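Q: quick check, what structure comes out for this input:
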Amino acid sequence: MTALALPAADGRHKPVMLAEVIEALAPRPGAVIVDATFGAGGYTRALIEAGARVVAIDRDPSAIEAGRPLEAAAGGRLTLVEGRFSELDAHARAAGCAGADGVVLDVGVSSMQLDRPERGFSFRNDGPLDMRMGGEGPTAADLVNTLPHGALARMFSVLGEERRASAVARAILQRREEAPFERTLDLARVVERVVPKSGDGIHPATRTFQALRIAVNHELDELAEALAAAERLLVVGGRLVVVAFHSLEDRIVKRFLAERSRERAGGSRHMPVEDLPAPTFRLPVRSAVSPTAAEIASNPRARSARLRVGERTDAPPRPVDPAALGVPRLVAAREA
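A: Below is the predicted model of the structure:
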């Protein structure tokens, strides 16, 4: 296969657990891989270099635009799609792929988004309080300016695992009586007044901003639907590889793969045989894989990453129940 002259990679953005992802996907010439979270294109580049054809999806139009030079240089082996990864099977089929040999998901916010203050994801740099990965729907400002105390507190507690969620919500309500929130640093300063600094160096606003980002983008619902979409698209023997950075996300992936790989159990008088559907995945690696110490030292963002792998069987796909996977039901802005 002729080597491609791909544009230089952006050295500022390091794909997390790249070696482990590529090993799990085992790309080969002619394989079809869906990179459902394109971001800065780190996984996609490595997959193309291995000879695979890639359909790369991102709901962020700026990520797609930044990837156009890579698409142009990929010799027809890269198709970029602006869209949600919950619809990855439809996007792949629209790109001419009846099935896929692999699907990879790198769940959460990308460093590209965090590094751009105008996107509103960062509590360290001032920007509009937006946080939308795409351009649609309510912003983070809409949520903090309209939700009542109970809905805010539950969102911060459940999605951010913030222990002082009620105090943060109360401080927000008191502050917005004076003026609505519009900027990231404005919100971060309010949170700093009620959440004490931790000994591990984590910023007091980290969990509040995380909860808002997840809520604004419906990330947990999207993840559950993306797992089901991957199940529908993967061919027999195809691999699903997910890198998650937060316990809520990783728990959903773990539950999905555990439920989809369950074999018929029981058979004694104490434990009757359960009538289970045929497993749609087998687990070549039964537990989560963590990054190496060397990677964490060179890329601190990798610290909380967990990688899980499932291999598709020939059983038919099944509907997904997000609630059964642990996706919480929260009050939306329009319901407040």
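
Q: three-state assignment of A56?
A: strand (DSSP: H, G, I helix; E, B strand; the rest coil).

Q: quick one: contacts of stretch 144-161?
A: Under the contact criterion Cβ atoms under 8 Å, 6 or more residues apart in numbering, stretch 144-161 has outside partners 129, 143, 162, 165-166, 168-170, 172-173, 176, 180-181, 187, 207-212, 214-215, 220, 247-248, 328, 330-331, 333, 336. All C-beta spots, glycine's among them, are computed from the backbone N, C-alpha and C.

Q: so which of these belong to helices?
A: Among those, the members falling in helices are 143, 165-166, 168-170, 172-173, 176, 187, 207-212, 214-215, 220, 247-248 (criterion: DSSP state H).

Q: just the buried subset of the residues you listed, written out for ChimeraX, thanks.
A: Selection command for ChimeraX covering only the buried members of the ones in helices among the contacts of stretch 144-161, criterion 16 or more other Cβ atoms under 10 Å:
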select :143,165,166,168,169,172,187,207,208,209,210,211,212,214,215,220,248
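
Q: right, and E259 touches A324 too?
A: Yes - with contact defined as Cβ atoms under 8 Å, E259 counts as touching A324 (7.5 Å).

Q: between the two, who's got more neighbours?
A: Between E259 and A324, counted using other Cβ atoms under 10 Å, the more crowded position is E259 (18 against 11).

Q: just the CA trace of the strand or helix carrying the more buried one, in CSV.
A: For E259, the element it lies in under DSSP states H and E is helix 247-260. Below are the C-alpha coordinates for helix 247-260, written out as CSV (Å, rounded to 0.1, in the frame of the first residue of the first chain):
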residue,chain,number,x,y,z
SER,A,247,-17.0,7.1,36.7
LEU,A,248,-20.6,7.8,35.5
GLU,A,249,-19.5,7.2,31.9
ASP,A,250,-17.4,4.2,32.7
ARG,A,251,-20.2,2.7,34.7
ILE,A,252,-22.6,2.9,31.8
VAL,A,253,-20.1,1.2,29.5
LYS,A,254,-19.4,-1.5,32.1
ARG,A,255,-23.1,-2.2,32.6
PHE,A,256,-23.8,-2.3,28.9
LEU,A,257,-21.0,-4.8,28.1
ALA,A,258,-21.8,-6.9,31.2
GLU,A,259,-25.4,-7.1,30.3
ARG,A,260,-24.7,-7.8,26.6
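
Q: which parts of that helix are buried?
A: By 16+ other Cβ under 10 Å, the buried positions in helix 247-260 come out as 248-257, 259-260.

Q: wait, S290 touches R306, no?
A: Yes - with contact defined as Cβ under 8 Å, S290 reaches R306; the gap is 6.3 Å.

Q: the two: who's more crowded?
A: Set side by side, S290 and R306 show unequal neighbour counts under other Cβ under 10 Å, the larger going to R306 at 22 against 16.

Q: so that one sits against V289, correct?
A: Yes - look at R306 against V289 with Cβ under 8 Å: they come within range, at 7.2 Å.

Q: buried set for stretch 281-297?
A: Of the residues in stretch 281-297, those buried by neighbour count under the rule 16+ other Cβ under 10 Å are 281-282, 288-291, 295-296.

Q: now what about it, what contacts it?
A: With contacts defined as Cβ under 8 Å, 6+ apart, stretch 281-297 is touched by 16-17, 20, 24, 231, 239-240, 250, 254, 257, 260-261, 302-303, 305-313.

Q: just the ones of the residues you listed in helices?
A: 20, 24, 231, 250, 254, 257, 260.

Q: quick one, strands of the stretch 101-250 of the chain?
A: With DSSP state E, counting those that start in this stretch as the criterion, the stretch 101-250 of the chain has strands at 234-244.

Q: can you list the low-confidence ranges for it?
A: Judged against pLDDT under 70, the low-scoring parts of the stretch 101-250 of the chain cover residues 109-123.
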